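In: Here is the input, now give the coordinates:
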Amino acid sequence: MNTDFTFTIKSIGFDENYRPLENTRITTNFANLARGESRQENLCNTLRMIDNRFNALAHWDNPNGDRYSVELDIISVDMDIEGNGQSFPAIEVLKTNIVDHSTGERIDGIVGNNFSSYVRDYDFSVLLMDHNKDQPQFTVPENFGELHGKLFKYFVNSKAYQQHFKKPPVICLSVSNNKTYYRKENQHPVLGFEYQPNESSLTEQYFEKMGLQVRYFMPSNSVAPLAFYFFGDLLNDYTNLELISTISTMETFQKIYRPEIYNANAVAGQRYQPKLQNQDHSVTQIIYDREERGQLANQQGKFAEEHFIKPYQTVLEQWSANYA
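Out: Here you go, the predicted structure:
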């Protein structure tokens, strides 16, 4: 049995001319923005918001607030299970690159940021839903997220990943709207105040199986904490500029996608409970189809079931059982 899965990494620039590729998961934040009549305006506004936020956070030696700009690459990872050239679109992430207009230098940012995965769609939108269809009480299936977690760790440790990227990924997500977060004394110069949730969430447990730990921070002039998922030591393994590239990119997407939380008119206090029903928020000028995104997660979960889970079930189960 072939257990040496191979990964092919492809990169496409995310700029005002970006158009989603055929096999892009269209639920991803950036792909959703890049369709319809307002696509170019959406993209220009999004990129401007990211640059403005980056310069506001990287304010030292930056008197006019225009020293830096952020370039984004969408990284698509295809996975060949049987070594026969047939590949499945496994993961999609974002890579940030920083341009310093003062020195002309181009600085590596962070890979990860946004995280999209067909198998995760399958786990949450198909497997979890089916499991709970006739249950009186919500439960999680046994070994939930095990396969996905092992595949992700296998990818991060792969030769393909090491050849393309110098540091492990950092994934930045929204806080959960059914948890309460408490502000701690710990304050980082870039990440801001640290927050602690009252309990662990299913997303945290899922990402833990991927080998990732989580910490919550609210950067200065933000209104809500962000969840940072990482390997190693978030505060010491990455430079300030690398961290700022992730904050500016993902906070921008969250302002568009979850304005009730990230574009709220009131700032999170000592005790914070995010609410998607919050009416006291501002809306960006960027058009985003949230309803469609929810429907597509289900369709894409079924796609993963049909083209990945079912055809390779035996191979994947054997591989997963033997993966250390």
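In: any low-confidence regions in this protein?
Out: For the chain, the stretches with pLDDT under 70 are 1-3, 18-39, 285, 287-294.
In: rerun at 50
Out: Along the chain, the parts satisfying pLDDT under 50 run over 1-2, 25-27, 29.
In: Now the most centrally placed residue in it. Nearest residue, chain neighbours left out?
Out: By Cα atoms, centre = their mean, the chain has its centre lying nearest to residue 114, at 2.4 Å. Of all residues not flanking residue 114 in the chain, residue 94 sits nearest, at 4.6 Å (Cβ to Cβ, 6 or more residues apart in numbering). Every C-beta, even on glycine, is put in place using the N, C-alpha and C of the backbone.
In: That neighbour touches residue 71, doesn't it?
Out: No. Using Cβ atoms under 8 Å as the test, residue 94 is too far from residue 71 to be in contact (10.8 Å).
In: follow-up on the earlier one: need the contact list for the residue nearest to residue 114.
Out: 14, 30, 72, 73, 74, 75, 111, 112, 113, 114, 249 (Cβ atoms under 8 Å, 6 or more residues apart in numbering).
In: any idea whether the fourth one is helix, strand or coil?
Out: Under DSSP: H, G, I helix; E, B strand; the rest coil, residue 73 falls in the strand class.
In: In this model residue 95 seems to touch it, though I could be wrong.
Out: Yes. Between residue 73 and residue 95 there is a contact under Cβ under 8 Å: 4.4 Å.
In: Against residue 74, how distant is the residue nearest to the centre of the chain?
Out: 9 Å (Cβ to Cβ, to the nearest Å).
In: Then residue 149?
Out: 23 Å.
In: Show me where the stretch 101-250 of the chain has its strands.
Out: 105-117, 170-173, 181-188, 192-197, 213-218, 226-230 (DSSP state E, counting those that start in this stretch).
In: Any chance of TSV for the contacts of residue 94, columns distance to residue 307?
Out: Formatted as TSV, these follow (distance: Cβ to Cβ, whole Å):
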residue	distance to residue 307
14	25
30	23
72	28
73	25
74	21
75	21
111	25
112	25
113	26
114	22
249	30
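In: out of those, which is most surrounded?
Out: Most neighbours among these, by other Cβ atoms under 10 Å: residue 249, with 29 neighbours.
In: quick one: that one from residue 113, how far?
Out: 6 Å.
In: Between these two, which contacts overlap?
Out: In contact with both residue 249 and residue 113: 94, 96, 172, using Cβ under 8 Å, 6+ apart.
In: Give me the buried positions along the helix or strand hosting the first one.
Out: Secondary structure assignment for residue 94, by DSSP states H and E: strand 87-100. Neighbour-count burial for strand 87-100, with 16 or more other Cβ atoms under 10 Å as criterion, is recorded at 87-98, 100.
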